[in-house]
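[1] Predicted model and sequence below, questions to follow.
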2 protein chains.
Amino acid sequence: MRTHTQLVTLGMPDSHSKEIRELHLFSEMEDAHFQSLIRAAYVQNFPPQIELITEGDSSDFLHVLLSGSVDLFSSWNDRETSMATVRPISTFILAATVREAPYLMSARTMEKSRIMLIPSQNVRDVFDQDGQFARAIVDELAMCYRGVIKNTKDLKLRTSLERLANYLLRQQARSGGGETFMLEAEKRRLASVLGMTSENLSRAFKALRPYGVTVKGSQITIANQQDLEGFAKPNPLIDNR
Amino acid sequence: MRTHTQLVTLGMPDSHSKEIRELHLFSEMEDAHFQSLIRAAYVQNFPPQIELITEGDSSDFLHVLLSGSVDLFSSWNDRETSMATVRPISTFILAATVREAPYLMSARTMEKSRIMLIPSQNVRDVFDQDGQFARAIVDELAMCYRGVIKNTKDLKLRTSLERLANYLLRQQARSGGGETFMLEAEKRRLASVLGMTSENLSRAFKALRPYGVTVKGSQITIANQQDLEGFAKPNPLIDNR
DNA sequence: GGCAACTGTTGACATTTATCAAGTGAATGG
DNA sequence: CCATTCACTTGATAAATGTCAACAGTTGCC
């Protein structure tokens, strides 16, 4: 089973090997080490809504999302919250891998997804041999850490309405900066990411109408940028991500 | 100025050099590299309520708290929230240092504190030369990251009453596990750390009385452990920190 | 001692957010 | 095509949390 799912780096039609190599995490490391990671890895296709990882399980693989999208979420006492959305091409659960610790979040595919799994042990082995790779892991972890800190500030310092307004401004910037853009996620998931209920999100959209926000399905239009920014007060130390 | 505050590793009466060496971050690295860090560093005493770091500033130093205590906090739009408390002996703002990025949090002394400052550039230089040190930084960052993730889960999945209940159980465990223990922070700060107002905290304490929690100043007694745990439902994937 | 200054508490009230229930509208599938 | 499902919305209401003001208890200081 392992052999026939193993990644063949040469000649594989849909191999993402080149793009993976260009990920910040892998771009500077020695080629021999990269090849050794790739050889140990395997790639698998998953249908939508499959739980890839359950929080509490031991972290046997570093995951690299090649295509599709993955929801990182967490549960407690019959409640559930979306922590983040992973989009190609990027890795996830690096921290659990390097600490050999149980996953703190669960992961499920949101759509059909292609994922490369690199055994955690190989990642740790190569880490010990390759200074460039070690440096890249440090950078990645520090960036992730700072991302979560920003998220905490967002949650603790802002109301849900303010979080939505700033989210819209970020999403607008990410999608080119035009007046009109698309939400990348279902509203239900967006609500969970922002730490609110769907109902509250629905009302929050209406409450932003006076600031020039129009919603048509998942298409958002920001009629008056200044107006919305005046309300949202975006801040690079929270919103640059 | 630099010279007379510089740390003299031999013979300095209150030198914490040995304890610093034993920090996970420094314990495995080569002695020459450790000495080089220490030589580049300097140590300073600060009075209470001094703002050591302002969020947004560039991260020139890795800080090591030797004695006293430091509050990491953040502000936005005239609101402020406590993100964490640093207690000796540990480092802070490692992530900003390794990324050469602006601080995301401000830091102020809570009491008279002694702090070692290691120039960020030296940390990065030694990082590149010492695999053990690199490994330790990765471990530390991954641990910090996981800590913040746990905190986010706490914030998003629990009510303020549940957060308090679980905080009390954690604090009890940290201080030996006895029925009676002390809060380490002012209630005002505790409220901010838990993401609530002082008034709400005050009422939350009263609301925990039916579960056997008694408050006398900063002395807490948990009369019935099972009762409180039944309400708090502590979970290692959130509360082990 | 007695007066500030400070921390924490309490009450009344407002705001924010969640919950529950019902409804709309678009997409899906036989 | 209609029926069903699903995502979202809306309304009514409740619960959680914040705000403001007043007050109590401590601490520190002259």
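    Okay, I see it.

[2] which residues in chain A form helices?
    Ranges of helices in chain A, per DSSP state H, are A:2-5, A:17-22, A:24-27, A:31-40, A:94-99, A:120-129, A:131-157, A:160-174, A:187-193, A:198-207, A:225-232, A:236-239.

[3] and those as JSON lines, adding distance to DNA strand D?
    Yep, even glycine has a C-beta here, placed from its N, CA and C like the rest. Formatted as JSON lines, the helices of chain A follow (distance: least, Cβ to the nearest atom of the strand, whole Å):
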{"stretch": "helix A:2-5", "distance to DNA strand D": "30"}
{"stretch": "helix A:17-22", "distance to DNA strand D": "30"}
{"stretch": "helix A:24-27", "distance to DNA strand D": "32"}
{"stretch": "helix A:31-40", "distance to DNA strand D": "36"}
{"stretch": "helix A:94-99", "distance to DNA strand D": "28"}
{"stretch": "helix A:120-129", "distance to DNA strand D": "33"}
{"stretch": "helix A:131-157", "distance to DNA strand D": "9"}
{"stretch": "helix A:160-174", "distance to DNA strand D": "11"}
{"stretch": "helix A:187-193", "distance to DNA strand D": "3"}
{"stretch": "helix A:198-207", "distance to DNA strand D": "3"}
{"stretch": "helix A:225-232", "distance to DNA strand D": "16"}
{"stretch": "helix A:236-239", "distance to DNA strand D": "18"}
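
[4] Among those helices, show me which one is buried the most.
    Burial of the helices of chain A is given as mean neighbour count (mean count of other Cβ atoms under 10 Å in any protein chain shown); helix A:94-99 ranks first at a mean of 24.

[5] Let me know whether that one sits next to chain B.
    Yes. For helix A:94-99 and chain B, the contact criterion (Cβ under 8 Å from any Cβ of the partner chain) is met by A:Leu94, A:Ala95, A:Ala96, A:Val98, A:Arg99.

[6] what's across from the most centrally placed residue in chain A in the sheet?
    Geometric centre of chain A, nearest residue: A:Val86, 2.7 Å, by Cα atoms, centre = their mean. Beta-bridge partners recorded for A:Val86 (DSSP bridges): A:Val70.

[7] which residues does the closest residue to A:Val123 other than its chain neighbours form a beta bridge with?
    Nearest residue to A:Val123 in three dimensions, chain neighbours excluded: A:Leu62, at 5.0 Å (Cβ to Cβ, 6 or more residues apart in numbering or on different chains). With DSSP bridges as the criterion, A:Leu62 is bridged to A:Ile118.

[8] residues in contact with A:Leu62?
    Under the criterion of Cβ atoms under 8 Å, 6 or more residues apart in numbering or on different chains, the contact list for A:Leu62 reads A:Thr91, A:Ile93, A:Leu94, A:Thr97, A:Leu117, A:Ile118, A:Pro119, A:Ser120, A:Val123.

[9] out of those, who's nearest DNA strand C?
    Top of the list for closeness to DNA strand C, among these and by Cβ to the nearest atom of the strand, is A:Ile93 at 26.3 Å.

[10] Scan the helices and strands of chain A for the one with the lowest mean pLDDT.
    Lowest by mean pLDDT, DSSP states H and E among the helices and strands of chain A is helix A:2-5, with a mean of 43.

[11] need the contact list for the nearest residue to A:Asn166 once chain neighbours are set aside.
    The shortest distance from A:Asn166 to any non-neighbouring residue, by Cβ to Cβ, 6+ apart, is to A:Ala232 (4.7 Å). Going by Cβ under 8 Å, 6+ apart, A:Ala232 touches A:Glu162, A:Ala165, A:Asn166, A:Leu168, A:Leu169.

[12] I'd like those residues laid out as CSV, including pLDDT.
    Shown next, in CSV, are these (pLDDT from 0 to 100):
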residue, pLDDT
A:Glu162, 98
A:Ala165, 98
A:Asn166, 98
A:Leu168, 97
A:Leu169, 97
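
[13] Check these against DNA strand C and report the nearest one.
    The nearest member of those to DNA strand C, counting by Cβ to the nearest atom of the strand, is A:Glu162 at 7.9 Å.

[14] how about the nearest residue to that closest one, chain neighbours excluded?
    Nearest residue to A:Glu162 in three dimensions, chain neighbours excluded: A:Ala232, at 6.3 Å (Cβ to Cβ, 6+ apart).

[15] cool, A:Val64 as well?
    Per Cβ to Cβ, 6+ apart, closest to A:Val64 is A:Met116, 4.2 Å.

[16] Isn't the one you found up against A:Ser67?
    No. Counting by Cβ atoms under 8 Å, A:Met116 does not reach A:Ser67; the two are 10.5 Å apart.

[17] higher neighbour count, those two?
    Between A:Met116 and A:Ser67, counted using other Cβ atoms under 10 Å in any protein chain shown, A:Met116 has the larger neighbour count: 22 against 15.

[18] contacting residues for that one?
    With Cβ under 8 Å, 6+ apart, A:Met116 has these contacts: A:Leu7, A:His16, A:Ile20, A:Ala41, A:Tyr42, A:Val43, A:His63, A:Val64, A:Leu66.

[19] mind running it again at 7 Å?
    Counting by Cβ atoms under 7 Å, 6 or more residues apart in numbering or on different chains, A:Met116 makes contact with A:Leu7, A:Ile20, A:Ala41, A:Val43, A:Val64, A:Leu66.

[20] So which of the residues you listed belong to strands?
    Among the contacts of A:Met116, the ones falling in strands (DSSP state E) are A:Val43, A:Val64, A:Leu66.

[21] how many neighbours does the second one have?
    This points to A:Val64. 25.

[22] Now do the contacts for it.
    Residues near A:Val64 by Cβ under 7 Å, 6+ apart: A:Ile20, A:Ile89, A:Thr91, A:Ile115, A:Met116, A:Ile118.

[23] can you pull the pLDDT of the fifth one?
    This points to A:Met116. Looking at A:Met116, its pLDDT is 95.

[24] How about A:Arg135?
    Looking at A:Arg135, its pLDDT is 91.

[25] ok, now A:Ser192?
    With respect to pLDDT, A:Ser192 has a value of 97.

[26] Would you confirm that A:Ser160 contacts A:Ser202?
    No. If you go by Cβ atoms under 7 Å, A:Ser160 and A:Ser202 don't touch, sitting 11.6 Å apart.

[27] Run through the residues of chain A sitting next to DNA strand C.
    Counting by Cβ under 7 Å from any atom of the strand, the residues of chain A close to DNA strand C are A:Thr159, A:Ser160, A:Leu161, A:Gly195, A:Met196, A:Thr197, A:Glu199, A:Asn200.

[28] so which of these comes closest to A:Phe133?
    In terms of Cβ to Cβ, no member of those lies closer to A:Phe133 than A:Gly195, at 34.9 Å.

[29] where's the residue nearest to the closest one when sequence neighbours are not counted relative to A:Met196, distance?
    Computed as Cβ to Cβ, 6+ apart, the closest residue to A:Gly195 that is not its neighbour in sequence is B:Lys156, at 5.1 Å. Distance, B:Lys156 to A:Met196, by Cβ to Cβ, to the nearest Å: 10 Å.
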